[in-house]
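In: just coords:
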């Protein structure tokens, strides 16, 4: 199973994608309304300060020249300074990216576990009341945007049943674990700080749930559709004919081929989670890269916009490759045929 | 009893009663959208009308869905909002699905060729640009109105269909029926659209009907940056987004438009599943 | 009757469709004695596979509906068996080789996984070593080269012939009393099909198993079965010892079927049978073959002919013969 | 069987969470308030509301603003002003300690002013045109030399925050753009303070919160119930703020919430809504160079058509209709200046005199409101409806703030009308008049009228240069009459800043004064001066137990 050749080829492609992305986002950042220097220094800043900043950011030069300046500085590891937080963008990313990744990971977990669970249930009891209840719930979940779900959860758990916290990543009274990966749950696990772990998990619950709801039900719908389709295939009847108990036939021989489409959609959903988590992050005051991304965008903080989009692009590409690897592992037809066997 | 072709389809379609419910909902929504001025109790509320004395009234006989913070009747605005939401959904999907599916088929069928690499890499680029940044860029280039919002959403949305169909096309490509079609020298067009596509239709349909809801909601996110239906014209997504601030006191401002979106999504999904049954292989 | 293994009595199976039912099986009756090799022949779509799937209890319901009849296996009615009993029946009683080997093997599991699972639940033996051992011997018994490699590989990596052999291995991995072979090898070229049939025959004999061999090819039936049932449009029209049937085909359909086989000697192309399999939605009254039967009489259109013994081991369901005609 | 194992583990984790969900009540005397982000706590960068609140609590100034708009000695015990009004000499208080223990001296004041002027951001624009140089006569005396007389100089000094020179020099990044001063300590001062104020920074997490605690040996004694610490939380999301308020984890809300929020908050037990008039006024600015709003009669017609009562009582309950361009709370406001009322006859009379009277449909008017302030949409739609009564077609356009700033830079791209809140730079009518109508502010969001009236410019410059207060205020009153007659913008309301606060367990001076109808501190940020607030934790516990 030489994944290495497959991996190398995909990495090659992703370099091309990221370069293409950098050009696209560079142009977009300039199209966003407003003059970055004036926006950064505030409306009352003196004209000289504004001119000085414009020069420093090479804004006066044509766009392709600016692109080369940017490219050169990136290779030197300097993503420039954010005009919004007034510090190198690298530091912002280092601080805010893990928060969003952690949120997206848990949302992805919800989507995978509950999505598959509901999908299997609604397939197993297809066209019964179970199926229809799940189906209507699905439409409810899909029709309600994540931030409305977030608001409802905040009001519900914030005002009436104070079980889950509704703001920030950690309660004020708790000492944060030493920063290893930036993922609070992982850091507190590694440093054995159980109180912080439980508190971090509690803070993660509501935002992750509201973020995952839409995707979760889409997973369920797709799992159901592919389970029903595979149920009619001969190899399922054959499995029964060989005397394999019904429970195993469903949970193994029907389940594994059916989750392949679900996994590929899960991969895409997970990647898009990070991109548009900003409303949920706003509501839960979650210091994530998505919220930071929108703030810098609205303030036309060019260096930061490009950096954020590139980072999200890298994350998206990595997730894509991972998903394709998992799908290839699950479905030998793709993996083997690709190698021309 | 002559088993006409239509009769057979209707049987396969209505085997699950929910599909019929879906059809009724969709027809009802389209009817309300088209005849909104006659159906809506206060048609002028969809235009430049303000009456703050009437603002934030809970649901009552006079205003079944209550009034919003401008004192406008929510029910009437929902009816008019059906227009822009349905338009947005239908127009975007009618652009996105053909483009996305065709590119997906091409890339999937000609796997490992330059066609595949080119299309899929461009798709990756579009998929990795956060939608809102794309929308904001478009607002600055084009005037903010419904048409440009549709363009923005279409630009954001087609890659999803390409990825979906690409996945299916790559695996279907190895099926015997495709290889046998190649053997007898069928044209590429025939293989793509008469052999591979029919096998993806039910999945595409499921995604299309789900997307009806997503596209309307994206409208809400776009209005956050000022793109899309300009006030005072109503749009469901915007009504939900703006109204969400006033939960739980003035819950009706956000809940009823939300229910309207759910109704549309429910209707299209049930209808979609019903149509999906039509394509199912079962004997009927 | 004492050594009858399988006794299907007047089995009626319909399929729920638009505006009514497809009345596919219209009272199928057949028996299989221990170690007997029985053939079931008929045109495509005459209900052969439906019969077998109903016997194995894997007929998808809905849309399938069993309207009547009984299927006695060693005296017990399969149709009224509880799920556990059915599973037991499939593990030790009957096993089946599916028609299309490509569709019958799960694409995402290795041959080994599927084979060992089948064995593990059938033999109830838990320890991995012995299960693997049985699996390897099963593959050897179907003359597959290098069994360990086959165990590790996925169906997509095997050729059609090899997949068919794996299906056989799966069906015969453990001792059973009855094997149902649904047109084995038809999707393969003739030489391989012959090897497959020879293999099935040898294994069945070694394991003292009864066999129901389903086919639409008279040649296969003639060579590999002792007794044969001829099926037409969901009913058994004639049953006889193989030699007896080929020597003296009585039922008009059987005769027509025989004449369809192109002779090496003789002239011209064999004539086909005029008309087509009836529409199961509203099948012809009385004898279902009457619209295509050259000797059709009034009674054929009114009443259903019963299987009537012409002599000690030859029965036919046609009003041209025996007591029916006078009734 | 795989699926069941997964379900079991989920249930197990949920169980642990529920068991360990004991609330975390901190009983310390703490004041928490929400405000929009970003916040810059560097005195040379701070210019908006949240930054001003933070800096006023972390740093000291020479003089301190009182609630009725005057200034009193603070770090400067006394001062003298030269005859020609060009030289100010201040005598500093002795023994004032910085947070790192060093004593505050005159050289620190000089350093602070030079740093502010060199960086050129924050409040530097007030001092740039008038400061010539600053010198430290001795350790406790500092002298300012002005280029030209500047009446409100003392009021402006409230925005000069004193930094600890040695501390700042110790934290300079060498690669800055200020020569040997490197980055002037800008990076370090973003998350630390080098001040002498009553509170010092404990933790500053960008995008999250600023957490400050008492400076034990501050030169002014603390009231026992003054807050031990304050925490500024960076969010203004309605649902989030509501929840914190009801969980008593927030003492003072931000003022950016919609009207419906305050209505709901006031129903919470022990919570009141304070209306503080901070001196900012809500304008509908009309483009004086672009037809049809370049015709004074057209503008006056609109001025008579607007239903001001609805704006003041229903859209912004508790607000007051504006009387002229300067808020009634600002010293120098002209109480007799004419106030436009809704009068459709007068409106039609004025419109008839306008040269566009009969060609109205050829001249639709674009009215832009700021997407970040949802309540403005209500006003925009009201103006649209009122204008429609005169046959004037108004297009309402929702635009993000960034785009507005870009649009108003040139006369061609500036739309006809903008709805914008403008607040004074310092607590005097002159500040509003200069920043709103003087030609120097054309092209900024503060003046989209493109007035460019040379006579008005002269009047404003002359008034600002007048040192004598009475004389200066008389000139201000004349300018306000001139502007109202010219009617370059619609003066909608003096906008109150509404705050929901925990009246039951905190005493907030500004809120109590507002309730008694007295003036509140007109200098932005000083109503949140933590030392003036009292916190009673035991009362908070009562509330928590009661629920």
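Out: Ah, there it is. For clarity, every value in this text was computed on a predicted model and none was experimentally measured.

In: Could you use CA atoms for every contact and neighbour count after this?
Out: Noted.

In: how about residue D:249, secondary structure?
Out: Three-state call for residue D:249 (DSSP: H, G, I helix; E, B strand; the rest coil): coil.

In: Now whichever residue of chain C sits closest to chain A: phi and psi?
Out: Closest to chain A within chain C is residue C:104: 4.2 Å, counting by C-alpha to the nearest C-alpha. Phi and psi for residue C:104, reported as degrees, to the nearest 10, are phi -90, psi -10.

In: which residues does the closest residue to it other than its chain neighbours contact?
Out: The shortest distance from residue C:104 to any residue other than its chain neighbours is 4.2 Å, reached at residue A:235 (C-alpha to C-alpha, 6 or more residues apart in numbering or on different chains). Residues counted as contacts of residue A:235 (C-alpha atoms under 8 Å, 6 or more residues apart in numbering or on different chains) are C:103, C:104, C:105, C:106.

In: Of those residues, which is the most crowded?
Out: Using other C-alpha atoms under 10 Å in any protein chain shown as the neighbour test, the contacts of residue A:235 are led by residue C:105, with 27 neighbours.

In: hang on, isn't residue B:142 packed against residue B:150?
Out: No: between residue B:142 and residue B:150 there is no contact under C-alpha atoms under 8 Å: 11.7 Å.

In: Compare those two and say which is more crowded by neighbours.
Out: Between residue B:142 and residue B:150, counted using other C-alpha under 10 Å, the more crowded position is residue B:150 (23 against 14).

In: For residue D:88, give its distance to chain C.
Out: Taking C-alpha to the nearest C-alpha, to the nearest Å as the measure, residue D:88 falls 88 Å from chain C.

In: and that residue, how many neighbours?
Out: For residue D:88, the count of nearby residues is 17 (other C-alpha under 10 Å).

In: In helices only, show me the contacts of residue A:235.
Out: C:103, C:104 (DSSP state H).

In: could the contacts of residue A:235 be laid out in a markdown table, adding distance to residue D:291?
Out: Putting those into a markdown table (distance: C-alpha to C-alpha, whole Å) gives the following:
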| residue | distance to residue D:291 |
| --- | --- |
| C:103 | 77 |
| C:104 | 80 |
| C:105 | 79 |
| C:106 | 76 |
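
In: Most widely separated two among the contacts of residue A:235?
Out: C:103 and C:106 (7.5 Å; C-alpha to C-alpha).

In: Pop out the phi and psi values for residue C:24.
Out: phi -80, psi -70.

In: tally of neighbours for it?
Out: Counted by other C-alpha under 10 Å, the residues lying close to residue C:24 total 23.

In: which residues sit in contact with residue 63?
Out: If you meant another chain, say so; for now it's chain A. Residue A:63 touches residue A:27, counting by C-alpha under 8 Å, 6+ apart.

In: switch to chain D, that's the one I care about
Out: Applying C-alpha under 8 Å, 6+ apart to residue D:63 gives the contacts D:71, D:72, D:73, D:74, D:75, D:76, D:154, D:157, D:158.

In: Tell me which two of those residues sit farthest apart.
Out: The widest separation within the contacts of residue D:63 (C-alpha to C-alpha) is 13.2 Å, between D:75 and D:154.

In: Which one's more surrounded, the two?
Out: residue D:75 (20 against 17).

In: which non-adjacent residue is nearest that one?
Out: Distances taken as C-alpha to C-alpha, 6+ apart place residue D:62 nearest to residue D:75, at 4.5 Å, with adjacent residues excluded.

In: just residue D:504 next, same as before
Out: Residue D:504 sits nearest to residue D:270 (C-alpha to C-alpha, 6+ apart), 4.6 Å away.

In: ok, the one you found touching residue D:503?
Out: Yes: if you go by C-alpha under 8 Å, residue D:270 and residue D:503 touch, sitting 5.7 Å apart.

In: So the helix or strand encompassing residue B:167, near chain D or not?
Out: Per DSSP states H and E: residue B:167 is located in helix B:146-172. No: Helix B:146-172 stays clear of chain D (C-alpha under 8 Å from any C-alpha of the partner chain), getting no nearer than 13.3 Å.

In: Check residue 258 and give its pLDDT.
Out: Here I'm looking at chain A. pLDDT for residue A:258: 87.

In: Actually, chain D is the one I wanted.
Out: Residue D:258 is given a pLDDT of 82.

In: so what's residue 135 up against?
Out: Went with chain A since none was named. A:122, A:221.

In: that's the other chain; I wanted chain D
Out: Residue D:135 touches D:107, D:110, D:142, D:143, D:144, counting by C-alpha under 8 Å, 6+ apart.

In: The residues you listed, buried ones only, as a ChimeraX selection?
Out: Only the buried entries of the contacts of residue D:135 go into this ChimeraX selection, using 16 or more other C-alpha atoms under 10 Å in any protein chain shown:
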select /D:107,110,142,143,144
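
In: Among the contacts of residue D:135, name the ones in strands.
Out: D:142, D:143, D:144 (DSSP state E).

In: How about the secondary structure of residue D:283?
Out: Taking three-state DSSP, the label given to residue D:283 is strand.

In: Looks like it contacts residue D:492 (just checking).
Out: Yes: applying C-alpha under 8 Å, one finds residue D:283 in contact with residue D:492, separated by 5.6 Å.

In: what about the two, which has more around it?
Out: residue D:492 (28 against 22).

In: Could you check which helix or strand contains that one?
Out: Taking DSSP H and E as the definition, residue D:492 sits inside strand D:489-501.

In: can you tell me how far residue D:61 sits from residue D:134?
Out: Separation of residue D:61 from residue D:134 (C-alpha to C-alpha, to the nearest Å): 15 Å.

In: typo on my end, it should be residue D:195
Out: Using C-alpha to C-alpha, we find residue D:195 at a distance of 20 Å from residue D:134.

In: Which one of these two is surrounded by more residues?
Out: Between residue D:195 and residue D:134, residue D:195 has the larger neighbour count (other C-alpha under 10 Å), namely 27 against 20.

In: so what's the more buried one up against?
Out: Contact analysis of residue D:195 by C-alpha under 8 Å, 6+ apart lists D:58, D:59, D:60, D:98, D:99, D:162, D:163, D:164.

In: Neighbour count, distance to chain A and secondary structure added to those, as a markdown table?
Out: Shown next, in a markdown table, are the contacts of residue D:195 (neighbours: other C-alpha atoms under 10 Å in any protein chain shown; distance: C-alpha to the nearest C-alpha, whole Å; DSSP: H, G, I helix; E, B strand; the rest coil):
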| residue | neighbour count | distance to chain A | secondary structure |
| --- | --- | --- | --- |
| D:58 | 29 | 20 | helix |
| D:59 | 25 | 21 | coil |
| D:60 | 22 | 23 | coil |
| D:98 | 27 | 25 | coil |
| D:99 | 24 | 24 | coil |
| D:162 | 27 | 20 | coil |
| D:163 | 28 | 19 | coil |
| D:164 | 25 | 21 | coil |
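
In: between these, which is closest to residue D:451?
Out: Nearest to residue D:451 among the contacts of residue D:195, counting by C-alpha to C-alpha, is residue D:162 at 37.4 Å.

In: show me where pLDDT drops low in the stretch 1-150 of chain C?
Out: Within the stretch 1-150 of chain C, the stretches with pLDDT under 70 are C:1-2, C:18, C:125-126.

In: So which bits of it are right by chain D?
Out: Counting by C-alpha under 8 Å from any C-alpha, no residue of the stretch 1-150 of chain C is near chain D.
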